[in-house]
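Chemist: Sequence and predicted structure are below.
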Amino acid sequence: CFFFFKQKTAYEMQRGLVGSEMCIRDRYMGNFETTVKKLKNLPNLKAVWLNENPISEDEDFTEKLFKEIPTLQIINKELTPGSTEWVLQVLCREKPPMPIEETLTLDLSGRKIQYFNLEWLKRLPKLREIDITDQDDLSSEKLQKILINICKVAPNLESIIVDEDEEAFLWEMQEKNTLCTILPKLKYINGFSVLLGKPADKQKEQDIREVWKHLWRVAGCFKLATTKEVAYEPYWYIMDELGCAVSHSDVPNVALLPLLYSPTNNFTSDVTTISIMWPLKNLEVGSLLYRDYLPNITEKEFRSARLSVWYDTPKDFFLEENARFKELVANQKLVIVKQKPEFDVPLSPEEIKIPETAKLTVYTDMDLIKEHLKSPQFAVVEKPDEADILWMNMDIFAQFAQTYKIKATQFINQYPYESCLVYKNNLAKTVRAAYGYTDHIQMTYILDDELNAFVGEFIERKRKGAENFWILKPHNLARSMDTVVTDNLSMIIRYMETGPKIAQKYIERPLLYKGRKVDLRFIILLKKLIPLEAFVYHTFWTRMGNHKFNLDTRTICDYETHFTVMNYGYKYIDVPDGPE
């Protein structure tokens, strides 16, 4: 699937700017005098773009044009001495339009910042990032003074993008603890975490960023399967130069798949990995090779959207899809329908009399319980009709009850329709149906159903300069298996290949304990819903990340920064029972 677009030759204009801008980048205008004469016939003109137009090749063109038309405030992106606060309407322009006061990022790169009145920044109370690179006509000393004044006028800045000399200046201030005084909320200098400090090898870090950005165009993945199970965690790999050079086509002439060979059938060691390619049709000498990057993926699974990893796709389409999706969620109504369950299973035994001296018998399909249930109060049995307790991994209502009639005297470890809560994708649907979007539940997209809308949300947030980190979670796995945190759209799309996922807005400002992520894990047994009756296990876990939390690209893939599940303490504290 290929997309071709004609290059735009004019800026899209907000209503308030109509008639004040003109782009004549690739239109022949004759000589300088003719151009000036034509532009003077536009009395309301404040900005003009003549980039790549032959008449603008003169180095002094901007100064000469401003001298002839002093009402111009922007010429070829650069601000002029005649700039007024009006330029904010251009610099802060968003699509869809939004109030200037909502602006999160400001790009002043290459715009002659000396003509930008820093007092205008006070109109941007939510400004979090500013870019002042490419100020070639200013000395480093002058630019550093401007930088300090920016910090004073915009104390809420969290990210600053500057050239190399100014970056060194900022890191020097940071080391002297003076930068944090005027910018207490600053988190990043050129994308590097202030918390982690100046990178030891900046070029290496930048190279890593570039590789990581484009990695997902060539990476492949697979899961290992044995006779018992399929491994939860995927394996990602990159082929050699030949394999990576095979291009995509919707009509491939070759197929290419990974092959793992282990003579001892031990895939943790003694394994050889290769890729096998074979023709799908007769090939002539010199034929170009093409494979399908998304085999067996149709438009039902968002084929075109997923191909945006490799090809430019129309962003407006995704923005419109997201707008429709949000409107649908906002208008969604929860309808409660009382009906007879589809299954014939006793749901709440009134009262089960069990002698205090008797053992409780347990039937389970879970090896973990069979191996570790050693308490003398319980006995594992082989037949379900001999059990007091049915503790199943299998869906009791949809599967198990089809072949076995559950007794009214048996306890079961599942509630009917509990998948509405325990499956992450269904939980998202349930919350939306009941509340729409809420502040206490992070924005969530079910990628297998809502990929187009999610891509639109990602694009919209990127245009606004909003934080764009997302956590990808499988629908029904635990312990952070196959779960990642990223701000890379290509990675998010490719990770759909490892199984059904939700994409949930990552909490960029979590509650921290001594700078680390923390959570409390309690085990609760829910016995009844109406009236509510629950039991809490007296042992609980305090889990923390091993490394201090930050969103620097150097640590975004660090498992021990963003997850806590590896951190179960073995110190046992016996909490005495409280009053009945």
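Modeler: Great, that's in hand. Residues are numbered from 1 along each chain as shown.
Chemist: Kindly confirm my reading that V485 is in a strand.
Modeler: Yes: assessed with DSSP: H, G, I helix; E, B strand; the rest coil, V485 lies in a strand.
Chemist: In this structure, which residue is most central in space?
Modeler: By Cα atoms, centre = their mean, the mean C-alpha position of the chain lies nearest to W470, the distance being 2.6 Å.
Chemist: who does it bridge with?
Modeler: Counting by DSSP bridges, W470 forms beta bridges with T486, K505.
Chemist: which residues of the stretch 201-350 of the chain fall in strands?
Modeler: Assigned by DSSP state E, counting those that start in this stretch, the stretch 201-350 of the chain shows strands spanning 219-222, 235-238, 247-248, 254-261, 272-279, 290-291.
Chemist: could the ones you listed be laid out in JSON lines, adding distance to I396 and mean pLDDT?
Modeler: (C-beta placed from N, C-alpha, C; glycine too.) Shown next, in JSON lines, are the strands of the stretch 201-350 of the chain (distance: least, Cβ to Cβ, whole Å; pLDDT from 0 to 100):
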{"stretch": "strand 219-222", "distance to I396": "33", "mean pLDDT": "92"}
{"stretch": "strand 235-238", "distance to I396": "33", "mean pLDDT": "92"}
{"stretch": "strand 247-248", "distance to I396": "45", "mean pLDDT": "94"}
{"stretch": "strand 254-261", "distance to I396": "37", "mean pLDDT": "91"}
{"stretch": "strand 272-279", "distance to I396": "41", "mean pLDDT": "91"}
{"stretch": "strand 290-291", "distance to I396": "44", "mean pLDDT": "96"}
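Chemist: Output the ones you listed in TSV; the columns should cover mean neighbour count.
Modeler: Output for the strands of the stretch 201-350 of the chain, formatted as TSV (neighbours: other Cβ atoms under 10 Å):
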stretch	mean neighbour count
strand 219-222	16
strand 235-238	14
strand 247-248	14
strand 254-261	14
strand 272-279	12
strand 290-291	17
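Chemist: For Y445, which of those is the nearest?
Modeler: strand 219-222 (20.9 Å; Cβ to Cβ).
Chemist: Check which helices and strands the closest one is in contact with.
Modeler: strand 235-238, strand 254-261 (3 or more Cβ pairs under 8 Å, 6 or more residues apart in numbering; DSSP states H and E).
Chemist: With respect to M392, which of the ones you listed lies nearest?
Modeler: Closest among the helices and strands packed on strand 219-222, using Cβ to Cβ: strand 235-238, at 30.6 Å.
Chemist: Tell me how far the longest helix along the chain lies from the chain's centre.
Modeler: For the chain, the longest helix by residue count, based on DSSP state H, is helix 447-464. Distance of helix 447-464 from the chain centroid (Cα atoms, centre = their mean, to the nearest Å) equals 9 Å.
Chemist: what's in contact with stretch 217-227?
Modeler: If you take Cβ atoms under 8 Å, 6 or more residues apart in numbering as the criterion, stretch 217-227 is touched by 230-239, 244, 258, 260, 267, 275, 309-310, 490, 494, 497-498.
Chemist: How many residues are close by D58?
Modeler: By the criterion of other Cβ atoms under 10 Å, D58 has 12 neighbours.
Chemist: now R463
Modeler: Neighbour count for R463, taken as other Cβ under 10 Å: 15.
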